[in-house]
Structure formats: structure tokens, C-alpha cells
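>>> Next one to model:
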Amino acid sequence: MLRGILTVGGWTLISRLLGFARDMLIAALIGTGPIADAFFVALKLPNLFRRLFGEGAFNAAFIPAFSGLLHTEGSGAARQFAEEAFALMAFWLGIMTILGEIFMPEFMVVLAPGFAEDPNKFALAVSLSRITFPYLVLICLAALVSGILNGLEKFTAASASYVLFNIISIACMIWMTPYVPTVGHALSWGVTISGVAQLGLLMIAVRRGGMRLTIPRPRMTPQMRILMRRMAPGLVGAGVTQLNLTVDVIIASLLPPGTVSVLYFADRVQQLPLGVIGTAVGTALLPLLSRQVRAGEATSAIGTLNRAIEYGLFLTLPAALALMVCAYPIMLVLFGRGAFGLQSVLFSSQSLAAYALGLPAFVLVKVLAPAFFARGDTSMPVKIGVGCVTLNLILNLAFMVPLAHVGPALATSVAAICNVGGLAFVLRQRGHFAPDRQLRRRCTGMIGASIAMALVLWGLRILLFQAPPHGWMRMASLGGLVGAGMLTYVVAASLLGAYDFRDIGRMMSRRRLRGGGGSAISSPPTTET
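So this is what the prediction gives:
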């Protein structure tokens, strides 16, 4: 599992860093103005449907079924299952894309009603959304092919494909802008072009992985009916979740101009640790848990979940406190230039601190949910999620006026914390999760080390950013904060027993001795109980 986490996490880190480069360009060129707001809404629309039909509910039902067929009936049965799913998804998403293109103005009235007060901004959002909407079908099919590769325990291509999105977006922003009406148009074309590139790369990778896909006529076969039934609870839950995200956008569009952009830039920063850690752990965890559950290895499955929580929290806890303490310096250094003024820096840093509060919970949701999915239970996470989403909606409305741009971020964090509590409680009641002594001891050490790091960062931030530095000194000062925080955490974590770094060396040595391959992702080592 650790090797899979490192592979996915490494490529995700590269993608996130390139994403920062892209966002820094966006911030410098268009700041938090009307073009930025219109583009971020245009990007949000296909992403809402992608999360509904692609990565979330679909992968939760598809990967365990595909992995099970692969290991019980062989590659032929697994390939046929994947081909039928590809054909069915392409058919329905194609219809949805056509309808979206036709009725985009009506979608925009619902998604961003506040834009209607400015006809030019509304028209721009409709135009950009029509350009980006084909990304929906492309990225959902790419998510399916990624699920095949993950089921084959080939994580590299699936993780690396997301790098293309940022590379192509940057290239379009630089070279296409002179030939289109606005930077937003160049960025929107970059989104759709990147979808074509991602799907193409993944199709090549799955063919090289030994599974040549041929796309049949879409049919509702018995296997597809089973897949749809397993997806149904996830679709309901994802639909409620996406409704909540839609409400966030609606509320942001009704707040002062630029709020949509402020929330976007804050979310992008907290997505770095969330994507690198949470996505990596969740992606590597699901196939392994699915195999252990099918093999009846209940003790190994519980141990795997404990180690996944441990891996996730080791970096997430310090990242959350660091983002809360250093939110202003981070936003200042990353985006505080050009059209992104000091007020935008202040507002986005406040939203970032609110998002960071829930960062460990965001990651643990991605760790705990696979424990249900691996057992074929996609309904319980939905039931818990519905309650948390209801809470999120209530908090969004309650925070809208008094907290403005901080409200949606804080509401999301509080709901995520409640979601994790609910998932952990049910798993423990069912006997599928029991924190072992090693996890409890190391979590205590992680908390202590994170607090020590936060205190050091607090003092250094006052020293270095009391009078905001300029030019290259900004980057040097932030680099000093990052270096001091990392050093403090590593030393404190070692002293407090938060982690034994020799464990990683021993685990990686075992994988080298095994020569890589599928056996590299194995059961976790024996741990204290």
C-alpha cells in the first residue's frame, strides 16, 4: 500500500505544483475580477457532474467489482465488464453534454444567479461554460480508465495524467490568449483540450498494461444492472453533496464581486495536501482492502486501515496547523502580484484558514469511505453524508451574512469533521475498525509535534511578515517559514514517537527484494495491538 501511496502522491504533488504555477498566472493576469469569477464558475460546472458520475460514485462501485472479477475470473471477464461500463457511460454522458450545451443559460441562472445583475458577466460565464462542458464526458471516461489501471495496480499513468491538465492550461493561457477575446476563453479551451489529452494518455496506458479495450454497443447487461444498483446510493449521496457545492457557488455569486474567485484560490492551496495525501491514500487503499475483504482477512483489513489513517495524519495534521498559522504569508507570496491586490490576499487567507480547519477530516473521509466500499456498502457513507450535507447547508445559510467569504469554507470544514466522526463510529460498531496501540500512541505524538511546529511558525511569522517583505524577500521569508516548520516537526515527531522513520526504510527494502510487481502492495507489517 505504501508504494501505491507514494506513487499516486508523488504525481499528484507534481500536478498540484504545476497547478499553483497556473493559478499564479491567473491571479496575476485577471485577479479576482469578473473574468476570473466567470471562468471559475465555468470550470465548476463540468467538475460538479464529473464528481457525480465519474470519480466518486462510479469508482466506489466499479473498482471493487473490477478487482474481484480480475482475481476470480481472469482478465477476460474483467475486460468485458470494463468495456460495457465504458460504452454505457459514454452514451449517457454524451446526451448530458448535448443538453448542457443547449440549455447553458438556464443552468447559469440556477448556478450563479448573482451574475444576472451584470449582463456582460452572465453572458461571459455562459460562453466559457459552453467551451468547458465537453470536459465532462472526457474526464469521466478518463476516470473510468483510471479505475481500470488502479484495479490492475498500475498507479503511475492514472496519477500522471492530471499533470497534463495544468501543462495544457498554462500553454493555452500563454500562447492562445492573443487570438481569443479574453484570458478566460484561452483557459476554457485549455480545459477541454486537456480532457482529450488525458483520455488519450490513459487509453494508451491501459493498452500497454495488457488490457486492450474495444467499445461495444451500449447495453444494460446483467453486470451493468448490478453496477448501477451499487452506484445508486453513491449517486444519491454524491448528488446531495454536489447540491451543497452548488449552494456554495450560488451563495458566493450573491456575495460581493470576487467572492467566487477568493474561495477558489483558497481552496486551491488547501487542495495541495488534500490531493497529495488524501487522494493518494484513498486510491491505493481501496484495491488492497477489496482483496483482503474478499479473502476473509478481517484482521489484515483492520490493520491496513490503521496504517492508512497513520500515513494520512502524519502529514495532514502539521499541514492543517501550518496553513492556519501562515495563511496570509502563503497567499501573499503565491498570488499577491499584478491584479491580485492586498485585499484579495487578506480575504483569500481568511478563507484558507477556515478550509484548513477541516483538512484532516477531508483526508480521513477519503481513508474511511473505502472501508465501506470494499465491502460493497455504498449506502452507509451516503446516509451519514446526507446528514452532514444538511448541516453544511444550514451553516452556509447561517454564516452567509456575518462571515461572508469565510462562511462557505467554515461550513464545509465543520461538516467534514462530523462526517468523519460518523464513518468512524459505524465502522467501529461493526467491528471493521479498532484503533490499535500504535495508532493511538503515534497520533498523540503527531499532535504534540504539530503544536510545537505551530508555535515556532507563529513566532517566525510575526518576525518575518510584520512588515510585509517585497520582491525576492517574500519568497525567501516563506521559504524560511517552511524550512523551520518542517525541521521542527521532524525533530519533535521523532522525540515524541510520532513515527519511526526506519519503518519506511524496512518497507521499501522489502519491496525492492520482491522486485516490484503486484506483490509489492501487500498486507501491512505486524503492529502493536
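
>>> Show the low-confidence segments of the stretch 1-150 of the chain, by residue range.
1-13, 49-60 (pLDDT under 70).

>>> now the chain
Counting by pLDDT under 70, the ranges of the chain that qualify are 1-13, 49-60, 153-159, 232-246, 274-290, 378, 468-469, 500-529.

>>> Now do the SS call for the most far-flung residue of it relative to its centre.
When distances to the mean C-alpha position of the chain are computed (Cα atoms, centre = their mean), the maximum falls on A467, with 34.6 Å. Of the three states, A467 takes coil under DSSP: H, G, I helix; E, B strand; the rest coil.

>>> Would you check how far apart it and L255 are?
Here the criterion is Cβ to Cβ, to the nearest Å. By it, A467 lies 31 Å from L255. Quick note: C-beta positions are derived from backbone N, CA and C, even for glycine.

>>> Make sure D248 is actually in contact with H405.
No: the criterion here is Cβ atoms under 8 Å, and D248 misses it with H405 at 11.1 Å.

>>> Overlap in contacts, those two.
Common contacts of D248 and H405 (Cβ atoms under 8 Å, 6 or more residues apart in numbering): L263.

>>> name the helices or strands packed onto the helix or strand harbouring S450?
S450 is part of helix 437-465 when elements are defined by DSSP states H and E. Packing partners of helix 437-465 (3 or more Cβ pairs under 8 Å, 6 or more residues apart in numbering; DSSP states H and E): helix 298-325, helix 327-335, helix 472-495.

>>> Quick one: closest of those helices to T177.
With Cβ to Cβ as the measure, helix 327-335 is the member of these nearest T177 (18.8 Å).

>>> what does the closest one rub up against?
By Cβ under 8 Å, 6+ apart, the surrounding residues in contact with helix 327-335 are 20, 23-24, 27-28, 265-266, 269, 323, 342, 344-346, 348-350, 352-353, 356, 461, 464-465, 468, 474-475, 477-478, 481.

>>> One more: stretch 466-480?
Residues from elsewhere that reach stretch 466-480, judged by Cβ under 8 Å, 6+ apart: C326, P329, I330, L332, V333, G336, L460, L464, F465.

>>> Show me which of the residues you listed are buried.
Neighbour-count burial within the contacts of stretch 466-480 applies to C326, P329, I330, L332, V333, G336, L460, L464, F465; the criterion is 16 or more other Cβ atoms under 10 Å.

>>> Closest one to L152 out of those residues, please.
Once Cβ to Cβ is applied, the member of those that ends up nearest L152 is I330, at 37.7 Å.

>>> so how far is L43 from that closest one?
The gap separating I330 from L43 is 22 Å, by Cβ to Cβ.

>>> same deal with Q223?
To L43, Q223 is 34 Å away according to Cβ to Cβ.

>>> Those two - which one has more neighbours?
Between Q223 and L43, counting by other Cβ atoms under 10 Å, L43 is the more crowded of the two (20 against 15).

>>> what helix or strand does the more buried one sit in?
In the assignment (DSSP H and E), L43 maps to helix 34-50.

>>> tell me the angle the helix or strand just after that helix makes with helix 34-50.
Next along the chain after helix 34-50, taking DSSP H and E as the criterion, comes helix 57-72. Counting by axes from the mean of the first three to the mean of the last three Cα atoms, to 10 degrees, helix 57-72 lies at 40 degrees to helix 34-50.

>>> on that earlier part again, which one among the buried ones among the contacts of stretch 466-480 gets closest to D436?
C326 (33.2 Å).

>>> What residues does the closest one make contact with?
Contacts of C326 by Cβ under 8 Å, 6+ apart are L457, R461, L478, L481, G485.

>>> Next: P216.
The contact partners of P216, taken as Cβ under 8 Å, 6+ apart, are E83, E84, A87.

>>> Top of those residues by number of neighbours, please.
Each of these was scored for neighbours by other Cβ under 10 Å, and E84 scores highest at 20 neighbours.

>>> what residues are up against that one?
Contacts for E84 (Cβ under 8 Å, 6+ apart) come out as P216, R219, T221, Q223, M224.

>>> between the residues you listed, which is closest to T32?
Relative to T32, the closest of those is M224; by Cβ to Cβ it sits at 44.5 Å.

>>> and that closest one, what helix or strand is that in?
Element membership of M224 [criterion: DSSP H and E] is helix 222-254.

>>> Show me what the helix or strand just after that helix is packed up against.
As assigned by DSSP H and E, the chain's next helix or strand after helix 222-254 is helix 259-273. If contacts are counted by 3+ Cβ pairs under 8 Å, 6+ apart, helix 259-273 sits against helix 2-30, helix 34-50, helix 222-254, helix 298-325, helix 327-335, helix 342-357, helix 359-373, helix 407-429.

>>> circling back: could you identify the most distant pair in the contacts of stretch 466-480?
Distance extremes for these: the farthest pair is G336 and L460 at 18.7 Å, using Cβ to Cβ.

>>> what sits against G190?
I168, S169, I170, A171, C172, M173, M176.

>>> Mind checking which of those residues are buried?
I168, S169, I170, C172, M173, M176.

>>> how about R79, secondary structure?
On the basis of three-state DSSP, R79 is classed as helix.

>>> Just give the number of residues close to it.
Number of residues near R79 (other Cβ under 10 Å) recorded here: 20.
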